[in-house]
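*Asks:* Have a look; sequence and predicted model below, questions after that.
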Amino acid sequence: MRVVSERQLTIVLGALAGTPRVVVGGNFATPWRALAVLDGILARYRLFALNAQAGMPSREGVTFESPFVGPGMRGQSTLHYFPCRLSLVPALLKEALPPDVVLVQTSAPYNGTVSLGTEVNVLPAAIEAARSRGGLIIAQLNPRVPYTYGDSVLPCDAVDYAIEAEAPLAFPPERPVSETSASIGDRVAALIGDGATLQAGIGSVPDAVLASLHRRRGLAVWSEMFSDGVLGLAKAGALDPGQPVTGSFAFGSADLYTWMDRNPDVQMLRTETVNNPAQIARRPRMTSVNGALQVDLFAQANATWVNGRTHSGFGGQTDFVVGALHSPGGQAIIALPSWHPKADVSTVVPRIEGPVTSFQHSFIVSEQGAAVIWGHDAPGQAEQVIDRVAHPSVREQLRVASRSLGLSA
């Protein structure tokens with residue numbers, strides 16, 4: 001690794017030809033200074049990121065690419081969305097979308113290594129794919145990045161060039177837990193016993209679920225991402241001390257980042273491991289808890305599609321639903337409010353019109369109740385969804401629709 005000035009890095013990047021593909025760390029771990037240097041020198045390039053946050057360069061000459069669309073790319077005319085399970089994104093980068101440049105934010109060097117900190121995800125795969133074709137690996141060294149263990153640790157010689165840029169770590173805005181989310185959290189928590197292995201997706205409902213599990217004991221975490229809800233479990237003594245918290249990326253408060261720093265009880269692994277359904281299925285009593293935008297009478301969930309366009313993507317929901325269902329004692333839970341307050345519409349619809357994110361769940365839960373999906377025939381599933389998930393104001397309409405879809409007599 002050669003530490004250079006921003007001016008020297010400009011010279012290096014200026015030698016790139018054509019329209020290179022640049023993979024950059026996403027979520028809340030984007031190396032903004034390194035990206036700004038690259039954007040200032042390259043007239044044209046393709047920018048690949050997962051869950052890109054606001055501030056991504058948006059101008060003529062920049063083409064966005066993503067299998068999971070974040071607010072920094074959402075709705076952009078230059079966006080190319082690649083439908084893909086998160087577990088398969090590394091293969092996508094290796095085979096179909098090989099990168100020419102990878103930009104990462106890392107910790108300061110330590111004993112000849114740096115750590116990817118909060119964002120491992122698909123970055124090791126991107127680095128390997130770029131290396132195989134002579135691409136560039138560029139790090140933004142930030143001493144505020146926590147030094148985490150596992151696949152996050154890189155030898156310094158895996159990085160070609162680095163710039164030093166200390167900056168506060170970004171984090172999502174606080175989401176106050178609404179009465180509805182708290183009610184859903186309690187209902188989901190009632191389905192989870194001691195000794196379960198947890199995966200919780202993004203959103204206020206999964207956060208509320210974790211907050212309702214503080215009195216459980218012997219819990220483990222195997223999740224593509226985690227946030228302050230897992231820190232809360234650790235502080236409450238709910239986690240099995242013999243099982244490290246395993247994730248692939250994380251974001252949250254400054255307290256979370258401090259807790260992760262050099263913590264042997266946290267291991268950050270690459271996506272191919274954490275999101276592999278076969279690996280997930282090996283976890284005892286694996287319980288996946290994910291949100292959705294809609295569910296329908298066929299017990300299918302939509303977590304990706306809004307108003308005729310991609311809102312996010314498959315992410316890891318599909319991987320964890322499949323893996324959890326194959327785990328001994330495992331279960332896959334979809335949790336959502338029965339009514340969408342902003343759109344003022346029911347979240348339970350007769351049939352999802354856009355792409356389906358996942359299906360064949362164990363339970364679907366709203367503040368109205370918990371529908372038991374697994375083990376019921378199709379009409380029984382529809383009845384459970386109507387009576388226990390849907391808002392009372394739309395249940396009769398859904399029963400009429402159920403008959404028209406052949407799901408009830």
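*Replies:* Good, I have the coordinates. Residues are numbered from 1 along each chain as shown.
*Asks:* can you give me the helices in the chain?
*Replies:* Using DSSP state H, the helices of the chain run over 6-14, 32-41, 89-95, 123-132, 179-189, 204-211, 228-235, 254-260, 271-274, 277-281, 317-326, 378-388, 395-404.
*Asks:* and the gap between residue 32 and residue 57?
*Replies:* Noted for residue 32: a distance of 10 Å to residue 57, by C-beta to C-beta, to the nearest Å. C-beta: built from backbone N, CA, C; applies to glycine.
*Asks:* make that residue 295, sorry
*Replies:* For residue 295, the distance to residue 57 - C-beta to C-beta - is 37 Å.
*Asks:* Over to residue 198?
*Replies:* Distance from residue 198 to residue 57, by C-beta to C-beta: 37 Å.
*Asks:* More neighbours: those two, which one.
*Replies:* In terms of neighbours (other C-beta atoms under 10 Å), residue 198 is the more surrounded of residue 198 and residue 57; the figures are 28 against 17.
*Asks:* Enumerate every residue touching the more buried one.
*Replies:* By C-beta atoms under 8 Å, 6 or more residues apart in numbering, the contact set of residue 198 is 192, 210, 213, 219, 220, 221, 222, 223, 287, 289.
*Asks:* Tell me the bridge partners for it.
*Replies:* Taking DSSP bridges as the rule, residue 198 bridges to residue 221, residue 287.
*Asks:* Identify the residue nearest residue 98 in space, chain neighbours excluded?
*Replies:* Leaving aside its sequence neighbours, residue 98 sits nearest to residue 129 (C-beta to C-beta, 6 or more residues apart in numbering; 5.1 Å).
*Asks:* correct me, but the one you found touches residue 96?
*Replies:* No - the criterion here is C-beta atoms under 8 Å, and residue 129 misses it with residue 96 at 10.3 Å.
*Asks:* Of the two, give the one with the bigger neighbour count.
*Replies:* Between residue 129 and residue 96, counted using other C-beta under 10 Å, residue 129 has the larger neighbour count: 24 against 9.
*Asks:* which regions of the protein sit below the pLDDT cut-off?
*Replies:* The model of the chain has pLDDT under 70 over residues 409.
*Asks:* can you do 50?
*Replies:* Applying pLDDT under 50 to the chain picks out no residues at all.
*Asks:* Now do the contacts for residue 206.
*Replies:* 200, 229, 289, 290, 291, 335.
*Asks:* what's the spacing between it and residue 152?
*Replies:* 23 Å.
*Asks:* again, but for residue 311
*Replies:* 29 Å.
*Asks:* quick one, domains of the chain?
*Replies:* Listed by automatic domain parsing, the domain ranges of the chain are 2-164, 179-404.
*Asks:* For residue 170, find the nearest of those.
*Replies:* The closest of the domains of the chain to residue 170 is domain 2-164. By C-beta to C-beta, the value is 4.2 Å.
*Asks:* So for the closest one, first residue to last residue, what's the gap.
*Replies:* 11 Å (C-alpha to C-alpha, to the nearest Å).
*Asks:* Check the offset of it from the chain's centre.
*Replies:* 17 Å (C-alpha atoms, centre = their mean, to the nearest Å).
*Asks:* Any of the contacts of residue 206 buried? List them.
*Replies:* Neighbour-count burial (16 or more other C-beta atoms under 10 Å) is assigned, among the contacts of residue 206, to 200, 229, 289, 290, 291, 335.
*Asks:* which non-adjacent residue is nearest the first one?
*Replies:* Of all residues beyond its chain neighbours, the one nearest residue 200 is residue 206 (3.8 Å), with distances taken as C-beta to C-beta, 6+ apart.
*Asks:* can you check the second one too?
*Replies:* Once its chain neighbours are removed from consideration, residue 229 has its nearest residue in residue 210; the separation is 3.2 Å (C-beta to C-beta, 6+ apart).
*Asks:* And the one you found, how far from residue 91?
*Replies:* 31 Å.
*Asks:* what do you get for residue 26?
*Replies:* 18 Å.
*Asks:* Mind checking which of those two has more residues around it?
*Replies:* residue 26 (24 against 15).
*Asks:* For stretch 370-385, C-alpha coordinates in CSV please.
*Replies:* Taking Å, rounded to 0.1, in the frame of the first residue of the first chain, the C-alpha atoms of stretch 370-385 are listed here in CSV:
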residue,chain,number,x,y,z
ALA,A,370,-50.0,-13.2,13.6
ALA,A,371,-51.0,-15.3,10.6
VAL,A,372,-49.7,-18.8,10.6
ILE,A,373,-48.7,-19.5,7.1
TRP,A,374,-46.6,-22.7,7.2
GLY,A,375,-48.8,-25.9,7.2
HIS,A,376,-51.9,-24.3,5.8
ASP,A,377,-53.3,-24.9,2.4
ALA,A,378,-53.7,-21.9,0.0
PRO,A,379,-57.2,-21.0,1.1
GLY,A,380,-56.2,-21.4,4.8
GLN,A,381,-53.3,-19.1,4.2
ALA,A,382,-55.5,-16.4,2.6
GLU,A,383,-58.0,-16.7,5.5
GLN,A,384,-55.1,-16.3,8.1
VAL,A,385,-53.8,-13.2,6.3
